[in-house]
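[1] Dropping the sequence and predicted coords here.
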Amino acid sequence: MLLCPCGHTTNGVGLKNDLLPGRMLLMLTLINTNRMVPAIGPIGLEYVAEVAAGAGIEVNILDLALSNDPDESLRRHLAGHSPTLIGLSFRNVDDCFWPSAQWFVPGLAELVRKIHGLSEAPIVLGGVGFSVFAQQIVEYTGADFGIRGDGEQATVSLHRQLQGGRQFDKVEGLVWRCDGKVRSNKPAWPAEISLPARREMIDNRRYFALGGQCGFETKRGCNRRCLYCADPLSKGPVPRSRKPAEIADEIESLLAQGIDVLHTCDAEFNVPRHHAMAVCAELIRRSLGEKVRWYAYLAVMPFDAELAATMRRAGCVGINFTGDSASEKMLVTYRQAHCREDLARAVRLCRQNDMKVMIDLLLGGPGETPQTAAETISFVKSIAPDCAGASLGIRVYPGTGMVNALNREGPLDAHPGLRRKYAGPIDLFQPTFYLSPALGPEPARLIKDLIAGDRRFFEPMAEQPDAEATDHNYNDNTELVDAIRQGARGAYWDILRGLRNTER
């Protein structure tokens, strides 16, 4: 029985007698649970590991993404270690892709159950996907703790509280159990963000070989108000920028490991613009633009000739723009600040600076019609990006403007535009998507007909699997995995673009 901060005793799962003061083993085990392929290096877990190690905690990592037999790897690892705390990194709640709609939370719950059967250490969950549904995931999985937001300092703080006072209400971002209830502290979104430049706690070389790129962050948080986006829920509603010198140090650490193709993990690299310019200036000052190639996600605005040229000098070779639509009506619906002429200028600037360019489209939102979809696809064809993603259907997240917009139209359970693969009442915790009913009974076929075989477009997948589909769901994409195995490197959209060009 342990005393929790509210003055009650608790028999929380996993909080057992060997965790009483004086019997603590000062060890943190971190487990990467993401087994999506191509393999993506767990940089959030690596940042946590580096910070915890710097705080004097013994850290060991079990990377299930690199295991051929995850159950056996888990059993052997925990048989050989006696951690104080076990942290699970949970990157994706689902694949965010209609119509596959794969939900990963049940698998996480099964993993928590297995770990509780193998170790008496408490389990803490974290990660971007986790942070969107933090309290619900803790309740569903039976985990002891969760951290919503930045996990680095919060994990260290939790580890220390387990050794002593157990004042869990003092740990920023913590989701925790007390008196049979799950409680949530304020999110861990510190105003100042500093992350380790050293990147040597996971096997980045192997991830580079298996995934074709490695990631880095220049900031966290986003103050944009896109109708559908959950980034402000998981990373905070205010951009929090790292120092450019720290970012350059990190890139040098990866370069020293032979990793010279990178991708930003920011929501939008150019928001705010001045920070993007400062990061690029530091990379140019150190001549890193001549040694690495990197890709970035960008908002269409702000993007101008100076920023484009500076990014290219700093080593940027490809940009994926959050275009969403080229219909002025739909851009207003999605709360985007750009217009269709801004899309054209962005493509033109990339061409002038020898950077590949992709436009991500989001088709099927509220108010989408065959006419607005045709307007978007026709315009994108005319401005000729290297490729365009024609995603169909919007994942509906609680706490976003999307939910408010749908609620204004009536009860969600009766909404004709909502699609899901589960039974019962609408539950936004599970993969739930919106598709405008105005697109008719076969929206994927409609979009494919509008694309009319233009291979620059990644077409949407039909609800009934289509052997000829050319979508860009990267999860378990065998074509992509094979290309990386044969030496392809870069953003996944750019690798797939290159494959299509060779097939012509």
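    Everything's here; your move.

[2] use CA for all of it now, contacts and neighbours both
    OK.

[3] On the C-terminal side of the helix or strand that contains L283, identify the next helix or strand.
    According to DSSP states H and E, L283 maps onto helix 273-285. Remark: after helix 273-285, the chain's next helix or strand is strand 293-299, criterion DSSP H and E.

[4] State the next helix or strand along the chain beyond that following strand.
    Going down the chain from strand 293-299, the next helix or strand is helix 305-313, by DSSP H and E.

[5] List the buried residues in that following helix.
    L307, A308, A309, T310, M311, R312, R313 (16 or more other C-alpha atoms under 10 Å).

[6] cool, stretch 286-304 as well?
    Buried residues in stretch 286-304 (16+ other C-alpha under 10 Å): 288-289, 292-301, 303.

[7] gap between that stretch and the chain center?
    Centroid separation for stretch 286-304 versus its chain: 19 Å, with C-alpha atoms, centre = their mean, to the nearest Å.

[8] and what of stretch 30-46?
    Relative to its parent chain, stretch 30-46 has a centroid offset of 11 Å by C-alpha atoms, centre = their mean.

[9] Show me what that stretch is in contact with.
    Contacts of stretch 30-46 from elsewhere in the structure, counted by C-alpha atoms under 8 Å, 6 or more residues apart in numbering, are 49, 59-65, 86-92, 108, 127, 151, 199, 201-202, 204, 207, 210-211, 214-216, 474-477, 480-481.

[10] so how far does that stretch reach from one end to the other?
    9 Å (C-alpha to C-alpha, to the nearest Å).

[11] Walk me through the domains of the chain.
    2-184, 219-393+435-462 (automatic domain parsing).

[12] Now the first one: average pLDDT?
    Okay, so that is domain 2-184. Looking at domain 2-184 alone, the average pLDDT works out to 87.

[13] related to what we said a few turns ago, closest to I495 out of the buried residues of helix 305-313?
    R312 (19.0 Å; C-alpha to C-alpha).

[14] pLDDT at the closest one, what is it?
    98.

[15] how about the nearest residue to it once chain neighbours are set aside, what does it touch?
    What sits nearest to R312 in space, not counting adjacent residues and going by C-alpha to C-alpha, 6 or more residues apart in numbering, is N353, at 6.5 Å. Neighbour list for N353: A308, A309, R312 [criterion: C-alpha under 8 Å, 6+ apart].

[16] Over to A276?
    Contacts of A276 (C-alpha under 8 Å, 6+ apart): F269, N270.

[17] at 10 Å instead, please
    Counting by C-alpha atoms under 10 Å, 6 or more residues apart in numbering, A276 makes contact with T218, K219, S241, P244, E268, F269, N270, L307, T310, M311.

[18] what residues are up against the nearest residue to the third one once chain neighbours are set aside?
    Meaning S241. Nearest residue to S241, sequence neighbours excluded (C-alpha to C-alpha, 6+ apart): K219, at 4.2 Å. The contact partners of K219, by C-alpha under 10 Å, 6+ apart, come to 193-195, 235, 239-244, 247, 264-269, 271-272, 275-276.

[19] rerun that using 8 Å as the cut-off
    Each residue near K219 by C-alpha under 8 Å, 6+ apart is listed here: I193, P239, R240, S241, R242, D266.

[20] Could you pull up phi and psi at the first one?
    With angles defined as degrees, to the nearest 10, I193 shows backbone torsions of phi -120, psi 120.

[21] Identify the residues contacting it.
    K219, R240, S241, R242.

[22] Also the third one?
    When the contact criterion is C-alpha under 8 Å, 6+ apart, the partners of R240 are A191, E192, I193, K219, R220, G221.

[23] can you give me the helices for the stretch 1-150 of the chain?
    Taking DSSP state H, counting those that start in this stretch, the helices of the stretch 1-150 of the chain run over residues 43-54, 70-79, 105-118, 128-132, 134-141.

[24] Let me fix that, I meant to ask about the stretch 201-350 of the chain.
    For the stretch 201-350 of the chain, the helices defined by DSSP H, counting those that start in this stretch cover 204-211, 231-235, 244-255, 273-285, 305-313, 328-333, 340-352.

[25] Please work out the angle formed by the directions of the third one and helix 273-285.
    I take that to be helix 244-255. Taking axes from the mean of the first three to the mean of the last three C-alpha atoms, to 10 degrees, one finds that helix 244-255 is oriented at 50 degrees with respect to helix 273-285.

[26] Contacts for helix 244-255, please.
    The contact list for helix 244-255 (C-alpha under 8 Å, 6+ apart) reads 194-199, 204, 216-218, 260, 278-279, 282-283, 288, 292.

[27] which among these end up buried?
    194-199, 204, 216-218, 260, 279, 282-283, 288, 292.

[28] before we move on, the earlier item: rebuild the buried residues of helix 305-313 as JSON lines, extending it with distance to I426.
    JSON lines is the format used below for the buried residues of helix 305-313 (distance: C-alpha to C-alpha, whole Å):
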{"residue": "L307", "distance to I426": "44"}
{"residue": "A308", "distance to I426": "44"}
{"residue": "A309", "distance to I426": "47"}
{"residue": "T310", "distance to I426": "47"}
{"residue": "M311", "distance to I426": "44"}
{"residue": "R312", "distance to I426": "46"}
{"residue": "R313", "distance to I426": "49"}
